[in-house]
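Chemist: Fold the following.
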Amino acid sequence: MLYQTPRGTKDILPDESHKWQFIETQVRKIFHSFNFREIRTPVFEETEIFARGIGQTTDIVQKEMYTFTDRGGKSYTLRPEMTASAVRAYIQHHFSEVQPIQKWYYIASMFRQEKPQAGRLRQFHQFGAEIFGSPEPVADVEIIQLVMEIFLQFGLQQPTLKLNSVGCPKCRLSYKELLRKILRPVFDQLCPDCRARYDTNPLRILDCKRDSCHKLTEKVPGIETYLCEDCKSHFQEVKRALTTLSIPFDLDKRLVRGLDYYTRTAFEVVSSQLGSQDALAGGGRYDLLVKELGGPETPGVGFAAGIERLLMVLEKLHLPIGEMIKPEVYLVGLGNETSTTVREQALKLRRQGVICELDLLNRSLKAQMREANKRGARLAIIIGENELQKDVAILKDMAKGEQIELPLSEITEYVLNKLGKPGS
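Modeler: Next comes the predicted model:
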């Protein structure tokens, strides 16, 4: 029997891991430039955290979570998203008492038992950010500017920012009643999921991807005209600030997001390069979530973006995604007596930050030089038994074909100069 990866998962092999490292490195630089600090949480949490945080009636909680019971009878779930975990950490470690504003980011794996398809896996990877402590529109704008800056710095010139406000519980109450009133005559035409949402959360019907439901809600008015004065003022300020910053956006009355914790601002960043699964990132404000999970009343706003989807877009647009690691120096040892010296020289260079490779198969000079060329090494250092007796090595420039003989004591300095690396 040949074991394979579980359905909906994939290996990130050495030939492609450099792309992931490139994205993670670039994203970290941008997060740090906005003064966000990294948080890492356990890959699983108590199930109730996600059930209460994300919402009992959401597809994630009802259909998609990987939940298990441990030997002590306690229910745990592999995290399907990060915000609830971040909120749990915020509460548990009393961050509300430490500093009024907390700005965190993460790069982590998530798990959802969905139907695998392009851009949608059962184990997937996200980067994202959270701001705790500010109810002001400026925090929403900071998050949106951050996510747009990330995509801009990766070379994406045309991602679309979709924007909406889902109001607060007070606004939504009257709007939900309006939705039920409009949809009551066509209730039987709704899909089974939307019929279930009709009583529990009719807002989610607007987000249904089925054409039949989409047509039934085409003429439903957006929530914006039903917002209370505070929510309306908040949304107007977000729109004004984005316009001032020259960040274009499309208002989308259907945008309610798939998680119940959102209040006021909700947004998505989409790309036409992704087809039906077009969302690169999504986020919004969640002013009630910290209190819902047992903490003090604390406003929050954040976003999450999919690394797999970003990779798909970068590859389709032929944008740079890092370079595969290759040796700068290949050390060729000939004869058993040279092994120790070759390893000593390699270690000296490695300690100076030089990427070194050496032969592990005891091959001939010709075979080792062929390997050095195949690996793309810039320099080859050749130490045979004759060189060992004279305490020297032959250094060959693989591109020019030129070679010189140098004392072993001078190799490190010569290589650093040749590669343009500072010594220490």
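Chemist: Who are the contact partners of M148?
Modeler: Neighbouring residues of M148 by C-beta atoms under 8 Å, 6 or more residues apart in numbering: P159, L161, I247, V269. (Glycine included, C-beta is placed from N, CA and C.)
Chemist: per-residue confidence at it?
Modeler: We have a pLDDT of 96 for M148.
Chemist: Quickly find the element holding it.
Modeler: Secondary structure from DSSP states H and E places M148 in helix 137-153.
Chemist: For that helix, list every residue counted as buried.
Modeler: Across helix 137-153, burial judged by 16 or more other C-beta atoms under 10 Å covers 137, 139-148, 150-151.
Chemist: Could you pull out the strands in the stretch 101-250 of the chain for me?
Modeler: In the stretch 101-250 of the chain, the strands defined using DSSP state E, counting those that start in this stretch lie at 102-111, 123-132, 160-165, 250-251.
Chemist: For the third one, C-alpha coordinates in CSV please.
Modeler: This points to strand 160-165. In CSV, the C-alpha atoms belonging to strand 160-165 read as follows (Å, rounded to 0.1, in the frame of the first residue of the first chain):
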residue,chain,number,x,y,z
THR,A,160,-10.6,44.9,-6.0
LEU,A,161,-11.6,46.0,-2.5
LYS,A,162,-15.2,45.2,-1.7
LEU,A,163,-16.7,47.2,1.2
ASN,A,164,-19.9,47.1,3.3
SER,A,165,-21.1,47.7,6.8
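Chemist: mind listing what's buried in it?
Modeler: By neighbour count on 16+ other C-beta under 10 Å, the buried set for strand 160-165 is L161, K162, L163, N164, S165.
Chemist: coming back round to it: which single one of the contacts of M148 is nearest to E218?
Modeler: The shortest approach to E218 among the contacts of M148 belongs to L161, at 22.4 Å (C-beta to C-beta).
Chemist: Not counting its neighbours along the chain, what's nearest that closest one?
Modeler: F249 (4.3 Å; C-beta to C-beta, 6 or more residues apart in numbering).
Chemist: what do you get for G335?
Modeler: Nearest one to G335, counting by C-beta to C-beta, 6+ apart, is E385 at 4.4 Å.
Chemist: Look up how far D391 lies from that neighbour.
Modeler: E385 sits 12 Å away from D391, going by C-beta to C-beta, to the nearest Å.
Chemist: now S17
Modeler: In this view, S17 and D391 are 39 Å apart by C-beta to C-beta.
Chemist: which one of these two has more residues nearby?
Modeler: S17 (14 against 10; other C-beta atoms under 10 Å).
Chemist: Other residues contacting the helix or strand containing that one?
Modeler: Assigned by DSSP H and E, S17 belongs to helix 14-33. The contact list for helix 14-33, computed with C-beta under 8 Å, 6+ apart, reads 12, 38, 105, 107, 125, 127, 129, 146, 149-150, 153-154, 307, 310-311, 314, 320-325.
Chemist: Now, of those residues, which are buried?
Modeler: Taking 16+ other C-beta under 10 Å as the criterion, what is buried in these is 105, 107, 125, 127, 129, 146, 150, 154, 307, 310-311, 314, 321-322.
Chemist: any idea which of those is closest to Y414?
Modeler: Lowest distance from Y414 to the buried ones among the contacts of helix 14-33 (C-beta to C-beta) belongs to G322, with 28.7 Å.
Chemist: can I assume the closest one sits in a strand?
Modeler: No: under DSSP: H, G, I helix; E, B strand; the rest coil, G322 sits outside any strand and is assigned coil.
Chemist: What is the neighbour count of the residue lying closest to L179 once chain neighbours are set aside?
Modeler: The shortest distance from L179 to any non-neighbouring residue, by C-beta to C-beta, 6+ apart, is to P202 (4.2 Å). As a burial measure, P202 scores 22 neighbours (other C-beta under 10 Å).
Chemist: Any figure for the gap between P202 and Y226?
Modeler: Distance of P202 to Y226, given as C-beta to C-beta: 13 Å.
Chemist: With F36 instead?
Modeler: Taken as C-beta to C-beta, the span from F36 to Y226 is 34 Å.
Chemist: same check, this time on T77
Modeler: From T77 to Y226 the distance is 35 Å (C-beta to C-beta).
Chemist: One more: F50?
Modeler: F50 is 29 Å from Y226, by C-beta to C-beta.
Chemist: Skipping adjacent residues, who's closest to S75 in space?
Modeler: With C-beta to C-beta, 6+ apart, the residue lying closest to S75 is T47, at 4.1 Å.
Chemist: Settle this for me: that neighbour is touching T67, isn't it.
Modeler: Yes: T47 lies in contact with T67 (C-beta atoms under 8 Å); the separation is 5.4 Å.
Chemist: residues bridging contact with those two, i.e. touching both?
Modeler: Shared contacts of T47 and T67 (C-beta under 8 Å, 6+ apart): S75, Y76, T77.
Chemist: Now the last one: phi and psi?
Modeler: The one in question is T77. phi -140, psi 130 (degrees, to the nearest 10).
Chemist: That one contacts E45, correct?
Modeler: Yes: with contact defined as C-beta under 8 Å, T77 counts as touching E45 (6.4 Å).
Chemist: just how off-centre is stretch 51-70 within its chain?
Modeler: 21 Å (C-alpha atoms, centre = their mean, to the nearest Å).
Chemist: This completes my enquiry, with thanks.
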